[in-house]
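Asks: From the sequence below, what's the structure:
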Amino acid sequence: MDWLRLWHDMPNDPKWRTIARISGQPISLVQAMYLHLLVDASRNVTRGHVTVTKEDVASALDVTDEQVECVFLAMQGRVLDGDKLTGWEGRQPKREDVGNPETGAKSAAQRKKDQRDRERAEKQKPGDHNKSRCVTESHDREDKSREEKKQQDQKPAAVPASKSAKFDPLTAKPDNVTEKTWADWCQHRREIHKPLTAKSCEQQAKALEGHASPDQVLVNSISNGWTGIFPDKTTSNVHQLPNRHTGFSDRDYTAGLIEREDGSYAF
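Replies: Residues are numbered from 1 along each chain as shown. From the prediction side, this is the model:
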């Protein structure tokens, strides 16, 4: 059976009140939505990322799509960063070889403890002190050798100098975005401690490609304090109205009037 973790203060986390206030929805809906996102992120192949659709969440909780959309937008920058749950790695660490109480399987730590208990018992046997000491010392040397090898295997590989260079998001401006707006967007992401990465710049450029108002999409995210962009929420509202003030030169404004000697007209 697969599991995920909840922290003790989760029901009373002040973020739920903030999200509820901004979205205009009850705290109960905010918490219920977060649990749905948490379970979906745990089941996902890339754990921590949400793939469930807003329509599915609305159907599961018996609310409207508009309510779910409001809460989802308010969660951005607080518990969501695009489709990723923030703080996932810290609260949902991956555990290996933890044992299974139901089957009797022991964890690596428990097996090591049992080994040390056996060695301690051997040392305490009367008349066999020297032998057990030799065996124990041999085991200790083997354990130390295995531990040193394990630590060496766990050392991270050296990162080439070319890959460790700091990425500058200003160099990844989408073709259809002005330099001023892109610079403002990069500055906004730095100020909220969510700097743009090469991958996020690439994804945003694809999302803005062909959009009628790409600058306005970024301006909306900046003004709302969002970490992500929502091109489908920004459309061009400029309409060309017909010009009705034409044809004045073709009208005869003297029709029906009497011309005076001085050239003026009268009724």
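Asks: can you give me the helices in the protein?
Replies: 14-23, 27-43, 54-61, 65-75, 88-91, 108-123, 129-154, 179-191, 198-208, 214-224 (DSSP state H).
Asks: Among those, which comes closest to residue 234?
Replies: Residue 234 lies closest, by CB to CB, to one member of the helices of the chain: helix 214-224, at 4.5 Å. C-beta coordinates here come from the backbone N, C-alpha and C atoms, glycine included.
Asks: hey, what's the most centrally placed residue in the chain bridged with?
Replies: Centroid-nearest residue in the chain, with CA atoms, centre = their mean: residue 81, separated by 2.1 Å. Beta-bridge partners recorded for residue 81 (DSSP bridges): residue 84.
Asks: thinking again about what came up before, and the helices of the chain, which one averages the lowest pLDDT?
Replies: Here these differ in mean pLDDT, and the lowest is helix 129-154 at a mean of 65.
Asks: Let me see the contact set for residue 229.
Replies: 204, 207, 208, 217, 218, 221 (CB atoms under 8 Å, 6 or more residues apart in numbering).
Asks: For residue 68, see how far away residue 91 is.
Replies: 23 Å (CB to CB, to the nearest Å).
Asks: More neighbours: those two, which one.
Replies: residue 68 (24 against 15; other CB atoms under 10 Å).
Asks: How about the contacts made by the more buried one?
Replies: Per CB under 8 Å, 6+ apart, neighbours of residue 68: 33, 54, 57, 58, 61.
Asks: Quick check, the first one in contact with residue 57.
Replies: Yes - the pair residue 33 and residue 57 passes the contact test of CB atoms under 8 Å, sitting 6.0 Å apart.
Asks: before we move on, the earlier item: nearest to residue 167, out of the helices of the chain?
Replies: Nearest of those (CB to CB): helix 198-208, 5.2 Å.
Asks: and for that closest one, what are the contacting residues?
Replies: 82, 167, 169, 172, 174-177, 196, 214, 217, 229, 231.
Asks: and the residues you listed, which two are the farthest apart?
Replies: The most widely separated members of these, counting by CB to CB, are 167 and 231 (23.1 Å).
Asks: Pick out whichever of those two has more residues nearby.
Replies: Neighbours per residue, other CB under 10 Å: of residue 167 and residue 231, the larger number sits with residue 231, 19 against 13.
Asks: residues contacting that one?
Replies: Here residue 231 is in contact with 207, 208, 211, 214, 217 (criterion: CB under 8 Å, 6+ apart).
Asks: Report the two of those separated the most.
Replies: 207 and 214 (9.1 Å).
Asks: Name the residue in those two with the higher neighbour count.
Replies: residue 214 (24 against 17).
Asks: thinking that one is in contact with residue 173, fair?
Replies: No - Residue 214 lies out of contact with residue 173 (CB under 8 Å); the separation is 10.6 Å.
Asks: Ramachandran angles for the residue nearest to residue 87 when sequence neighbours are not counted?
Replies: Excluding the flanking residues, the one nearest residue 87 by CB to CB, 6 or more residues apart in numbering is residue 79, at 7.7 Å. Here is the backbone geometry of residue 79 (degrees, to the nearest 10): phi -120, psi 0.
Asks: Give the burial count for residue 79, as a bare number.
Replies: Residue 79 has 19 neighbours, counted by other CB under 10 Å.
Asks: can you tell me how far it sits from residue 38?
Replies: Relative to residue 38, and taking CB to CB, residue 79 is found at 9 Å.
Asks: Common neighbours of these two, please.
Replies: Contacts common to residue 79 and residue 38, judged by CB under 8 Å, 6+ apart, are residue 85.
Asks: Between the contacts of helix 198-208, which sits nearest residue 25?
Replies: For the contacts of helix 198-208, the nearest to residue 25 is residue 82 (20.8 Å; CB to CB).
Asks: ok, the closest one touching residue 221?
Replies: No - under the criterion of CB under 8 Å, residue 82 makes no contact with residue 221, lying 11.4 Å away.
Asks: Are there residues contacting both of the two? Which ones?
Replies: With CB under 8 Å, 6+ apart as the test, residue 82 and residue 221 both reach 227, 228.
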